[in-house]
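Q: Sequence below, structure please.
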Amino acid sequence: MFDIGVTKLAIIGGIALIVIGPEKLPGLTRTLGTLLGRARRYVADVKEEVNRSIDLEELRKMKDTMESAAQAVQTSVQSSADELQQTWTQATSISSDVTPQPYYSIGQPPKKRWRAKVSATPNWYKARAGVRTKALSGAARVARFRPPKANS
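A: Purely as a prediction, here's the structure:
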């Protein structure tokens, strides 16, 4: 930016010391430092605001492209759904004469045992391997494995 070296700063400082005087020079440098800091902060804020506005504009463009893509997907899904519904209505109108057969043979439908738990391992294998098939309470387990009483 400016080509100011150490020698030029020393010359400017010497002239300021002669013109302003040694009593007022520290206060003046302090004031100049605070003003320079404020100017730098102001420039940094302006740069940040410009960058934010540029990013905001990019986000708006991205939002517009995403909305247009979503609209295209929605129209394609809607058109395929309409085609599917149209073929479905045609197929049901053709097959309305046919009555559907139940999945079970003649008689009652099979009973559903909702609460019965069915294991993949057969019971005969569990019995042979010594696997517990019934849960015991703590008291029942103690009573089962209690040593027999000695008759006296």
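
Q: where in the chain is pLDDT low?
A: The model of the chain has pLDDT under 70 over residues 1-2, 94-117, 152.

Q: so where's the longest helix in it?
A: Longest helix of the chain, by residue count under DSSP state H: helix 25-94.

Q: Which elements pack onto that one?
A: Judged by 3 or more Cβ pairs under 8 Å, 6 or more residues apart in numbering; DSSP states H and E, helix 25-94 is in contact with helix 6-20. Any C-beta I mention is one placed from the backbone N, CA and C, and that applies to glycine too.

Q: okay, the angle between the helix it packs on and helix 25-94?
A: Orientation check (axes from the mean of the first three to the mean of the last three Cα atoms, to 10 degrees): helix 6-20 against helix 25-94 gives 120 degrees.

Q: how distant is helix 6-20 from the center of its chain?
A: Distance of helix 6-20 from its chain centroid, counting by Cα atoms, centre = their mean, to the nearest Å, is 61 Å.

Q: ok, now stretch 63-73?
A: 21 Å.

Q: ok, residues contacting it?
A: For stretch 63-73, contacts defined as Cβ atoms under 8 Å, 6 or more residues apart in numbering pick out no residues.

Q: Look at R146 and tell me its secondary structure.
A: Three-state assignment for R146 (DSSP: H, G, I helix; E, B strand; the rest coil): coil.

Q: State the phi and psi torsions of it.
A: Dihedral angles of R146 (phi, psi; degrees, to the nearest 10) stand at phi -70, psi 140.

Q: how near is S80 to W88?
A: As for S80, its distance to W88 is 12 Å (criterion: Cβ to Cβ, to the nearest Å).

Q: again with A81
A: 10 Å.

Q: same check, this time on A129
A: Using Cβ to Cβ, A129 is found at 53 Å from W88.

Q: do the same with R40
A: Going from R40 to W88 by Cβ to Cβ gives 70 Å.

Q: R141 too?
A: Applying Cβ to Cβ to R141 and W88 gives a distance of 60 Å.

Q: Mind listing what's buried along the helix or strand A139 falls within?
A: Under the criterion of DSSP states H and E, A139 resides in helix 138-144. Within helix 138-144, no residue counts as buried by 16 or more other Cβ atoms under 10 Å.
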